[in-house]
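Asker: structure, please.
(2 chains)
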Amino acid sequence: DGGITQSPKYLFRKEGQNVTLSCEQNLNHDAMYWYRQDPGQGLRLIYYSQIVNDFQKGDIAEGYSVSREKKESFPLTVTSAQKNPTAFYLCASTTGGGRDSNQPQHFGDGTRLSIL
Amino acid sequence: AQSVAQPEDQVNVAEGNPLTVKCTYSVSGNPYLFWYVQYPNRGLQFLLKYITGDNLVKGSYGFEAEFNKSQTSFHLKKPSALVSDSALYFCAVRRSASKIIFGSGTRLSIRP
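Answerer: Here you go, the predicted model:
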């Protein structure tokens, strides 16, 4: 079955620690995204990537970093600079832009990050 | 500025009754509109989309949505609600690969 796999499902971060959230997709999608979800606030875009080795900041990129070395993988690192990292993190993918802009996003089942 | 609004944080409906979850948008040009559903501790699942053509769009699980260009609305509807429809619903608009805007979500609660 094609889909998006996020791991781990739950993650705990200590003060001053960087943590990395994994996102892998086997849908052959070009574009991948990271969102942060807080209660009552919907989804906020952290980073997105439309092709390998390229990515752009979203609305709340400060304190986060990403890489896109392979089409299938788009890991997110939550750095110690992110002072309020407790949230539910969602990874998504879709086919590219342009004429494919009418395609929906596919989402993973999320990683819940908490501070110890 | 492009935006999507879901004016109701919560909608409560009795099982068997029709339900409506509201969404209005503000974008330039022709929007691509989507509805997603989210169950607890899960990702979003795609329900339906409007691209062009018929204003009434049918989607998964018996849901449908009505596109109204003059009112810039894209309300989600279902003729007969089920308890299992209880979840968080998001409206979204997409203009390109990068420009995807989500509403704040509406929690739908169906009472038996």
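Asker: only C-alpha atoms from now on, for both contacts and neighbour counts.
Answerer: Will do.
Asker: next up, phi/psi of the residue nearest to residue A:92 when sequence neighbours are not counted, please.
Answerer: In this structure, residue A:92 finds its nearest non-sequential neighbour in residue A:107, 4.3 Å apart by CA to CA, 6 or more residues apart in numbering or on different chains. The phi/psi pair for residue A:107 (degrees, to the nearest 10) reads phi -120, psi 150.
Asker: and residue A:107, how far from residue B:39?
Answerer: Distance of residue A:107 to residue B:39, given as CA to CA, to the nearest Å: 12 Å.
Asker: comparing these two, which residue is more hemmed in?
Answerer: Shown here are residue A:107 and residue B:39; by other CA atoms under 10 Å in any protein chain shown, residue A:107 has more neighbours (25 against 15).
Asker: surely that one is in contact with residue B:38?
Answerer: No - between residue A:107 and residue B:38 there is no contact under CA atoms under 8 Å: 10.1 Å.
Asker: between these two, what contacts are shared?
Answerer: Counting by CA atoms under 8 Å, 6 or more residues apart in numbering or on different chains, the contacts common to residue A:107 and residue B:38 are B:44-45.
Asker: parallel or antiparallel, list what pairs with the helix or strand bottoming out on mean pLDDT in chain B.
Answerer: Ranking every helix and strand in chain B by mean pLDDT, DSSP states H and E puts strand B:100-102 at the bottom, with a mean of 89. Applying DSSP bridges, strand B:100-102 is found paired with strand B:87-94 (antiparallel).
Asker: quick check, pLDDT for the residue nearest in space to the middle of chain A.
Answerer: Closest residue to the average C-alpha location of chain A: residue A:34 at 2.5 Å, with CA atoms, centre = their mean. At residue A:34, the model reports a pLDDT of 97.
Asker: fine by me, thanks again.
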